[in-house]
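In: Dropping the sequence and predicted coords here.
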Amino acid sequence: MEGTIFPNKPAYPVPTKRPTQSSKPVKFSSVTLPLPPQSQPQPQPQPPHSLPLDSLLQHLLHLSSPPNTTNNPKTIHPPKTNNSHFPSLHISSDSTQKLHQQVHPMKPTPLSVIQFDKSREDGQPRDGSLEFLTRKGMVILNSIKEHPLNALNDFFDSVKFELLQIDTFSLLKALDLSGDWERALLLFQWVVSSIGSDNAKLDNQVVELMVRILGRESQHAIALKLFDFIPIEEYSLDVRAYTTILHAYSRTGKYKKAISIFEKMKETGLSPTLVTYNVMLDVYGKMGRSWNKILGLLDEMRSKGLEFDEFTCSTVISACGREGLLNEAKEFFARLKLQGYVPGTVTYNALLQVFGKAGVYSEALSILKEMEENDCPADSVTYNELVAAYVRAGFYEEGAAVIETMTKKGVMPNAVTYTTVINAYGKAGKEDKALRLFHRMKESGCVPNVCTYNAILGMLGKKSRSEEMIKILLDMKESGCSPNRITWNTMLAMCGNKGMHNYVNRVFREMKGCGFEPDRDTFNTLISAYGRCGSEIDVTKMYKEMIRVGFTPCVTTYNALLNALARRGDWKVAESVILDMKNKGFRPSETSYSLMLQCYAKGGNVKGIEKIEKEINDGHIYPSWMLLRTLVLANVRCRALKGMERAFQELQKNGYKPDLVLFNSMLSIFSKNKMYERAHEMLHLIRESGLTPDLVTYNSLMDMYARAGECWKAEEILNGLQKSVGKPDIVSYNTVIKGFCRKGLMQEAIRILSEMTTRGIRPCIFTYNTFVAGYAAHGMFTEIDDVIGYMIQHNCRPNELTYKIVVDGYCKARRYKEAMDIVSKIKEIDDSFDDQSIERLAFRVRENLES
């Protein structure tokens, strides 16, 4: 067995008992033991938002602020006099550049759902003829273009009479053709404010033109702020303008408003186009719990003789993916083909995403094979979805290997490909592999986008690797990549720890100060962060605020609430959340059920875990990799061996790959139950799966041997750690010390303690309590006094458990008076010791005396 644990070492038999050294016994004192390393300064007195996070926030603030320039000031403020209608509508001079930098991964929609003509109005080029302008209009146009953005409102006021005499539509059109959409917006804003005081009304064409300009420039948030002040319902807009407005509401998550506008549009007698229906399909798909609504829209389209295009099909299939409707996606796709529809790359990619999201890589591979058979070319999105399918099933290396396959087939991996694998490595706890792939990505010439940086920042944030996060932010700066709302959301998520809710508040304030208004994802992140901070009041407050500002809760929102409940094991409330989801038409996702399992595990509710297991076995819940993995770990936490083994078998049956965390958890529970053969079987499976045992693996093995009384075997693993996985930690040493103490080999335990302190590892309260327990078990009370004296001398105060072990030792030896003397002297030793703890210890002595 020796060779299987450390392959480079020769196998030889190890006796379970070895003779103790004949030298004089070493006492537990500073004279005979090496001094423990100095204790590190305790962070508790410091506020949670100390240096690392403050430094991170400052870097993020610096990156989020555009450079100061004299020609293009950062913010365009409304005019000082007549523009009180738009107090919150500011535009940034570099907003277009920021928008182009935001790359959305995985799927060409929703931008591809609505295809606006990128050419200028009437087919004129960017620098086309402006003959439709009068001479006076041309003079005003040139003056507008000469003025800096922040001076335009004053200029408009100075030429108010002349401006109102010129055709607003022509002037806006001319600015648009000149590529000055921001100046066009400021002019439009000024005109609205000016005529508003006279109760006049804008021309329909003017509103339509402004809507189209903002839609083409993807300025959805600005467009919606305009619509808040302009009663759209009072204008007779064309279907194209309405479609643009619907798209803006869709992009900003205001789905109910989009549905309301769509119904009013139809009431006016306008007939929706194919593009309009595609936008509404996307609205219902994103809103969730709307499969019947989607089917209704499809029937409506058929009745009007509209033929589905690639975007119709891909949008419907993507909606299935969001809801986990795998069967519905397959059935819809099959019906399309029966009706003679020939799927294109975009539709196949949408179907790949459905199964990729569920981690069903076998189905994803069959879709890829069908594409090849139908001569449908695979593009980078196709392979990106295949990568996602692999990593969702736990096959990280196979996912990374797709990068080589792509290159061989002439399809260059892009930022999304690399980001998907980087994100997967991060979730698997393989941060260093993720960082190596990131560097490889840059070396290959693939430029990281903001999503790549966000994935790495999120990964490092979970491990509190603040210094490396700062380096990534600096790398972003050098690359000219500006943070986006998701970057800030990542920072908010990082702050979700106990005692840090004030810091979450601060980051949220700074985020809004940089112009990033919260979207639905931000609110979901805040709910989750406050939940992890243990601040239930803030969780409720954010949920109510989210609804107040018009965002519809989604499955992610409910999952954020479940996450907060899972941290405290409140499974009864969590069950009511799941019930509420179902009652409101939401279908719980694999994450929802995984969080529910965590709730049951934290609350020790094995029956609850078995209930979800039954639903999986009965086919009511899809057995994804994430869900089965969580099922194994939930059973481990409850020490439910049979349930754990059933879940592990199901994981293997579905072809999923267990990760090291799962193997280590199972090995640990087998060790604690003295199931040595099963523990070694796990070690064999770790190597067979191509994984490398880590420190946690070997600590579990040492614990197994220590529990079995094979102390020397445990020590041998400890010594071998230096040559295999690196430096042993305090758990490693405590485990071996515990093994020797249980066998009464106290001198050997002291020897290990000496090695531990020599290597720079400071003993903790568990270390000392282990020695106290060892001495108490053998009635060595003088030595116990030495340990307690040594603890106090080296700034490790005995706790209630320390004295409980001592008291129990004296009571076991029927030395009750001495036990009570120990209790009465605790306050002399430590005047800060809790009075209630002393009462409990005294009661324990009396209870033993009376029994």
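Out: Arrived safely, thanks for sending.

In: pLDDT weak spots in the stretch 601-750 of the chain?
Out: Applying pLDDT under 70 to the stretch 601-750 of the chain flags residues 724-726.

In: Show me the strands in it, by range?
Out: Ranges of strands in the stretch 601-750 of the chain, per DSSP state E, counting those that start in this stretch: none exist.

In: Please, which helix or strand holds Ile456?
Out: Applying DSSP states H and E as the criterion places Ile456 in helix 450-462.

In: swap that for Ala493, sorry
Out: Per DSSP H and E: helix 485-494 holds Ala493.

In: Check Cys481 too.
Out: Going by DSSP H and E, Cys481 is not part of any helix or strand.

In: okay, now the nearest residue to it once chain neighbours are set aside: neighbour count?
Out: Excluding the flanking residues, the one nearest Cys481 by C-beta to C-beta, 6 or more residues apart in numbering is Val450, at 5.5 Å. Every C-beta, even on glycine, is put in place using the N, C-alpha and C of the backbone. Around Val450 there are 23 other residues, counting by other C-beta atoms under 10 Å.

In: isn't Val387 right up against Val402?
Out: Yes - between Val387 and Val402 there is a contact at 4.8 Å, judged by C-beta atoms under 8 Å.

In: Find residues that contact each of those two.
Out: Shared contacts of Val387 and Val402, defined by C-beta atoms under 8 Å, 6 or more residues apart in numbering, comprise Thr417.

In: More neighbours: which of these two?
Out: Val387 (31 against 21).

In: tell me what the strand or helix carrying that one is packed against?
Out: Element membership for Val387 (DSSP H and E) is helix 380-392. Counting contacts by 3 or more C-beta pairs under 8 Å, 6 or more residues apart in numbering; DSSP states H and E, helix 380-392 packs against helix 345-358, helix 361-373, helix 396-408, helix 415-427.

In: To Pro588, which of these lies closest?
Out: Nearest of the helices and strands packed on helix 380-392 to Pro588, taken as C-beta to C-beta: helix 345-358 at 14.0 Å.

In: so what does that closest one touch, helix or strand wise?
Out: Against helix 345-358 (3+ C-beta pairs under 8 Å, 6+ apart) you get helix 310-323, helix 326-338, helix 361-373, helix 380-392.

In: Of all those, which one is nearest Phe188?
Out: Using C-beta to C-beta, those put helix 310-323 closest to Phe188, at 30.1 Å.

In: Compute the inter-axis angle for that closest one and helix 326-338.
Out: 160 degrees (axes from the mean of the first three to the mean of the last three C-alpha atoms, to 10 degrees).

In: what is the orientation angle of helix 310-323 with helix 345-358?
Out: Computed by the same axes, to 10 degrees, the angle separating helix 310-323 from helix 345-358 equals 0 degrees.

In: Distance check, Glu645 against Glu681.
Out: Distance of Glu645 to Glu681, given as C-beta to C-beta, to the nearest Å: 11 Å.

In: shared neighbours, these two?
Out: By C-beta under 8 Å, 6+ apart, no residue touches both Glu645 and Glu681.

In: Turn the helices and strands packed on helix 380-392 into TSV, including distance to Gly515.
Out: Below are the helices and strands packed on helix 380-392 laid out as TSV (distance: least, C-beta to C-beta, whole Å):
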stretch	distance to Gly515
helix 345-358	32
helix 361-373	39
helix 396-408	36
helix 415-427	24
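
In: looking at those, which is closest to Ser464?
Out: Judging these by C-beta to C-beta, what sits closest to Ser464 is helix 415-427, at 13.7 Å.

In: Give the next helix or strand downstream of the closest one.
Out: Per DSSP H and E, the first helix or strand lying C-terminal to helix 415-427 is helix 431-443.

In: Mind listing what's buried along that next one?
Out: 431, 433-435, 437-438, 441 (16 or more other C-beta atoms under 10 Å).

In: One more: stretch 832-844?
Out: 833, 837-838, 841-842, 844.

In: Include secondary structure and pLDDT when you put the residues you listed into TSV, please.
Out: Putting the buried residues of stretch 832-844 into TSV (DSSP: H, G, I helix; E, B strand; the rest coil; pLDDT from 0 to 100) gives the following:
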residue	secondary structure	pLDDT
Phe833	coil	85
Ser837	helix	88
Ile838	helix	88
Leu841	helix	89
Ala842	helix	89
Arg844	helix	88
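
In: how distant is stretch 253-264 from the center of its chain?
Out: Relative to its chain's centre, stretch 253-264 lies at 29 Å (C-alpha atoms, centre = their mean, to the nearest Å).

In: oh sorry, the question was meant for stretch 313-322
Out: With C-alpha atoms, centre = their mean, you get 23 Å for stretch 313-322.

In: swap in stretch 542-558?
Out: Here stretch 542-558 is found 18 Å from its chain centre; the criterion is C-alpha atoms, centre = their mean.

In: Also stretch 413-426?
Out: With C-alpha atoms, centre = their mean, you get 15 Å for stretch 413-426.

In: coming back round to it: Arg532 is nearest to which of the helices and strands packed on helix 345-358?
Out: Across the helices and strands packed on helix 345-358 (criterion: C-beta to C-beta), the nearest stretch is helix 380-392, sitting at 23.9 Å.

In: angle of the closest one against helix 396-408?
Out: Using the same axes, to 10 degrees: helix 380-392 against helix 396-408 is 160 degrees.

In: circling back: what does the average pLDDT come to for the helix holding Val387?
Out: Averaged over helix 380-392, pLDDT sits at 83.

In: so it versus helix 361-373, what angle?
Out: Using the same axes, to 10 degrees: helix 380-392 against helix 361-373 is 160 degrees.

In: What angle do helix 415-427 and helix 380-392 make with each other?
Out: Going by the same axes, to 10 degrees, helix 380-392 makes 10 degrees with helix 415-427.

In: Quick one: distance of helix 380-392 to the chain centre.
Out: 19 Å.

In: what's the answer for stretch 802-816, then?
Out: 49 Å.

In: Other residues contacting it?
Out: Here stretch 802-816 makes contact (C-beta under 8 Å, 6+ apart) with 765, 768-769, 772-773, 775-777, 779, 781, 784, 788, 791, 818-819, 822-823, 826, 837, 841, 844-845, 848-849.

In: What sits closest to Phe740 if chain neighbours are left out?
Out: Nearest residue to Phe740, sequence neighbours excluded (C-beta to C-beta, 6+ apart): Ala749, at 3.9 Å.

In: which residues touch that neighbour?
Out: Neighbouring residues of Ala749 by C-beta under 8 Å, 6+ apart: 737, 740-741, 770-771, 774.

In: Let me see the contact set for the nearest residue to Glu748 once chain neighbours are set aside.
Out: Spatial nearest neighbour of Glu748, excluding adjacent residues (C-beta to C-beta, 6+ apart): Phe740 at 4.3 Å. Counting by C-beta under 8 Å, 6+ apart, Phe740 touches 711, 746, 748-749, 752, 774.
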